[in-house]
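1. Here is the input, now give the coordinates:
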Amino acid sequence: MSETSVQTSFPSALRDPHPGTPPRFRDRIGAGPGGGYYPVAHRYHLYLSLGCPLSLRVSITLGLLGLKDSISTTLLPSRSDGSPSRSEGSGSGSDALTALRTAYETTRHHYDGPLTVPALCDLWSGRVVSNHTPDILDDLALHFTDQDDTGLPRLRPAALAADIDAVRELLGEGLGGGLAQDPALDLLERRLASRPYLLGETLTAADVDLWVALVHLDVDSLRRVSAGDRLWSYVRRLGTHPAFQEIPRAAGKREHGGEEVCSIQKDCAGAGDRSRATVPAGHECRRQALAC
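-> A predicted model of the protein is given here:
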């Protein structure tokens, strides 16, 4: 898109120079019926997974845009040993994995690759539209919401598209690698010094990406975040927003404070911090059953 050529204020030196393996499926949602996959309520289904930061980004975006009633979701469980959970009985976890496998095989004959989530599926054809999270997030923001509805956030305004993409590169597709660098944390801290949100006065997709990355930091990085009042206050403030609370989780919420800090990259460990942040249960301290 032409908007990606706009200059961004984020330095390229902080971006991840080693992008991940390209996803297998990257169809896009079009603007109208002539575009094949076009936006319509109740046509699409999302497969997400507990413990997956990419899935958390999608779930928060659905809540912010008021799409949870028009796009259905299935939350796939996982076990601590990294294999699919089948303890829920034949009617839930295993059936959901079978349905996801069927969607992949419908999309590509004899597909034998990993079941990657998030996965946006078309209920009309039974195919996987996309398992590329940035594309899914952008299509949700641009094509599934009423752009004239002032009550909804503009998560990807054209004027900020380049900066939103730069933030994603800074954070890394895995949401964590880039933030291990002190320069990245310092940059984010400075940007929040004079504005309530990362890119200005309104919440955008960049804030969703950053919040998820921050609550999934490893212990050492979290210590550096907790030393900066702006970043930690930002985490706590966004965590009070309904869309950041009403997200798929196993049971309730867990509070992580000075004695316990969890991350998807390391086991639970202690970290000296006087603050507390509310983090969804099931999104920390577990390996992934699905590719994420």
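
2. what's the burial count for the closest residue to residue 156 other than its chain neighbours?
-> Nearest residue to residue 156, sequence neighbours excluded (Cβ to Cβ, 6 or more residues apart in numbering): residue 141, at 4.2 Å. To be clear about C-beta, it is placed using only N, CA and C from the backbone, and glycine gets the same treatment. Look at residue 141: counted by other Cβ atoms under 10 Å, it has 24 neighbours.

3. Touching, residue 141 and residue 61? I think so.
-> Yes: proximity of residue 141 to residue 61 meets the contact threshold set by Cβ atoms under 8 Å, at 6.9 Å.

4. Dump the C-alpha coordinates for the lengthiest helix in the chain into CSV.
-> For the chain, the helix that runs over the most residues, judged by DSSP state H, is helix 93-107. The C-alpha coordinates for helix 93-107 follow below in CSV (Å, rounded to 0.1, in the frame of the first residue of the first chain):
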residue,chain,number,x,y,z
GLY,A,93,-10.4,-29.0,22.7
SER,A,94,-9.9,-32.0,20.4
ASP,A,95,-12.9,-31.1,18.2
ALA,A,96,-11.6,-27.5,17.8
LEU,A,97,-8.2,-28.8,16.7
THR,A,98,-9.8,-31.2,14.3
ALA,A,99,-11.9,-28.3,12.8
LEU,A,100,-8.7,-26.2,12.5
ARG,A,101,-6.9,-29.0,10.8
THR,A,102,-9.8,-29.5,8.4
ALA,A,103,-9.7,-25.8,7.5
TYR,A,104,-6.0,-26.0,6.7
GLU,A,105,-6.5,-29.2,4.6
THR,A,106,-9.4,-27.6,2.8
THR,A,107,-7.2,-24.6,1.9
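
5. Quick check: buried residues in that helix?
-> 93, 94, 96, 97, 100, 103, 104, 107 (16 or more other Cβ atoms under 10 Å).
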